[in-house]
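> sequence first, predicted model second:
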Protein chains: 2
Amino acid sequence: MREVFQQELREVQDRLVEISTLVASSIENATRAFNESNVSLAEAVIADDDQIDTAAAELDELAINILARQQPVARDLRIVVSALRISASLERMGDMAEHIAQLARYRFPDKVVPKSLRPTFAEMGALDVQIAKKLVELLKTEDLKIAEDIRNEDDKIDALHLSVFDKVLGETWKGAAVDTVDATLASRYHERFADHAVSIAKKVQYLATGDWIPTDS
Amino acid sequence: MREVFQQELREVQDRLVEISTLVASSIENATRAFNESNVSLAEAVIADDDQIDTAAAELDELAINILARQQPVARDLRIVVSALRISASLERMGDMAEHIAQLARYRFPDKVVPKSLRPTFAEMGALDVQIAKKLVELLKTEDLKIAEDIRNEDDKIDALHLSVFDKVLGETWKGAAVDTVDATLASRYHERFADHAVSIAKKVQYLATGDWIPTDS
């Protein structure tokens, strides 16, 4: 029984790694579509989000199934419950990548943001991609050094997010209202993507150390 | 044992009702602060969000505790797992109310949005408040008619959300960039608030009917 259970926990972990790999590929393509105004890549990201949703829902079913059959307690129980939460966050990260791709598609053949903001979004996008790749590693290895890296990169994204508002609200901003709307939404999506990664990193940290971090913020 | 378990499930339900009541009061105050530019009310909403976070975290602990001690299966297990998910959505609804209050505080003594958009936001805010109150009733009674009402009101909010963009991107829009940013964010927060309510309504429906609705969207 114990052996079967350990194997099922590994299956849960493997699936989380798989879903996070899909999310990493999704954000990589979404930010490329956004930065290069690549509409077919944007459409691929939008179409592929269903895969992430399905994989997350299947993982949830597996986790509930394990709870019902194995009735884990203590740390094992927390692992399964955390998997449910991590899967919800991964699903939302996929949604954020999809939203970024949707912006690219709406504005095609134009680029989503004016020239003055492109370096900032290129940097935010690159950080989101890095964070997503680190998340895959974190879920694979549970190496807490990576959780710390993710938090640090999220700080950088938060700073870039604020800098977008500084630019948009500054005197030199010449963008039309549509540019302002798009920059606001795009920045929010990039920032939320990273927030979810931090929330997952906290859950992995908690599982490894037993320090309960109560909220999801 | 069974009796204790039923009592614990009622406790879970009572706590969900309590948290949703806090959320309803939070969105009521947040939208009033937003519409009337009431900075002290905005600050109260921001300060009180911790209460919602704490109540949600405590409910999660209770749910995990029940899983560990009672080892529920079948429908009972799904009730407890759903409670965990509903609590996460309620916590996010509280965050959205807080964000709306933050916008009111940032722009004080000005109002957040220019005159031409105020009726739209008054309507969105009123719908969010209605939805939050209906959610309290839904969690109390599990009356599926209410779940349907919530979905219908969410459709109205989605239409208003789109109308904000129509206005901001229309030729008559005279707002400065700051107005455009605020309207974009405020509209998004109002819309997301309702999305979370729909997501909760789907979970309650699922529990009542057994129809599994896989994703969280």
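Here it is on my side, so go on. Numbers count the residues shown, from 1 in each chain, chains lettered A, B, ... in the order given.

> who are the packing partners of the helix or strand in which residue A:198 is found?
Assessed by DSSP states H and E, residue A:198 sits inside helix A:177-209. If you count contacts as 3 or more Cβ pairs under 8 Å, 6 or more residues apart in numbering or on different chains; DSSP states H and E, helix A:177-209 packs onto helix A:74-107, helix A:118-141, helix A:144-168, helix B:144-168, helix B:177-209. The way it works is simple: take the backbone N, C-alpha and C, and place the C-beta from them, glycine included.

> give the buried residues for it.
A:177-207 (16 or more other Cβ atoms under 10 Å in any protein chain shown).

> interface residues of chain A facing chain B?
Within chain A, the positions near chain B by Cβ under 8 Å from any Cβ of the partner chain are A:53-54, A:56-57, A:60, A:64, A:67-68, A:71, A:73-74, A:77-78, A:81, A:84-85, A:88, A:91-92, A:95, A:165, A:168-169, A:173, A:175, A:177-178, A:180-181, A:184-185, A:188, A:214-217.

> OK, contacts around the residue nearest the centre of chain A?
Chain A has residue A:93 as the residue nearest its centroid, 3.3 Å off, counting by Cα atoms, centre = their mean. Residue A:93 sits next to A:23, A:27, A:132, A:193, A:196-197 when contact means Cβ atoms under 8 Å, 6 or more residues apart in numbering or on different chains.

> gap between stretch A:177-197 and the chain center?
Once both centres are worked out by Cα atoms, centre = their mean, to the nearest Å, stretch A:177-197 turns out to sit 13 Å from its chain's centre.

> now that stretch: average pLDDT?
The average pLDDT within stretch A:177-197 is 97.

> ok, stretch A:81-100 next?
97.

> now do stretch A:45-59
97.

> between helix B:144-168 and the helix holding residue A:198, find me the angle.
130 degrees (axes from the mean of the first three to the mean of the last three Cα atoms, to 10 degrees).

> for PyMOL, what selects the buried ones among the residues of chain A next to chain B?
With 16+ other Cβ under 10 Å as the criterion, this PyMOL line picks the buried residues out of the residues of chain A next to chain B:
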select buried, chain A and resi 53+56+57+60+64+67+68+71+77+78+81+84+85+88+91+92+95+165+168+173+175+177+178+180+181+184+185+188+215+216
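
> still on that earlier bit, how about the contacts of residue A:93 in CSV, adding distance to residue A:115?
Formatted as CSV, the contacts of residue A:93 follow (distance: Cβ to Cβ, whole Å):
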residue, distance to residue A:115
A:23, 29
A:27, 23
A:132, 26
A:193, 23
A:196, 29
A:197, 29
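
> identify the farthest-apart pair in those residues.
Greatest spatial distance in those: A:27 and A:196, 10.9 Å, computed using Cβ to Cβ.

> identify the contacts common to those two.
Shared contacts of residue A:27 and residue A:196, counting by Cβ under 8 Å, 6+ apart, come down to A:93, A:96.

> from what I can see residue A:158 touches residue A:191, true?
Yes. Contact status for residue A:158 versus residue A:191: in contact at 6.6 Å, counting by Cβ atoms under 8 Å.

> show me the common contact partners of the two, please.
In contact with both residue A:158 and residue A:191: no residue, using Cβ under 8 Å, 6+ apart.

> circling back to that earlier point, and the helix holding residue A:198, how far from the chain's centre?
Distance, centroid of helix A:177-209 to centroid of chain: 7 Å (Cα atoms, centre = their mean).

> cool, stretch A:43-52 as well?
For stretch A:43-52, the distance to the chain centre is 14 Å (Cα atoms, centre = their mean).
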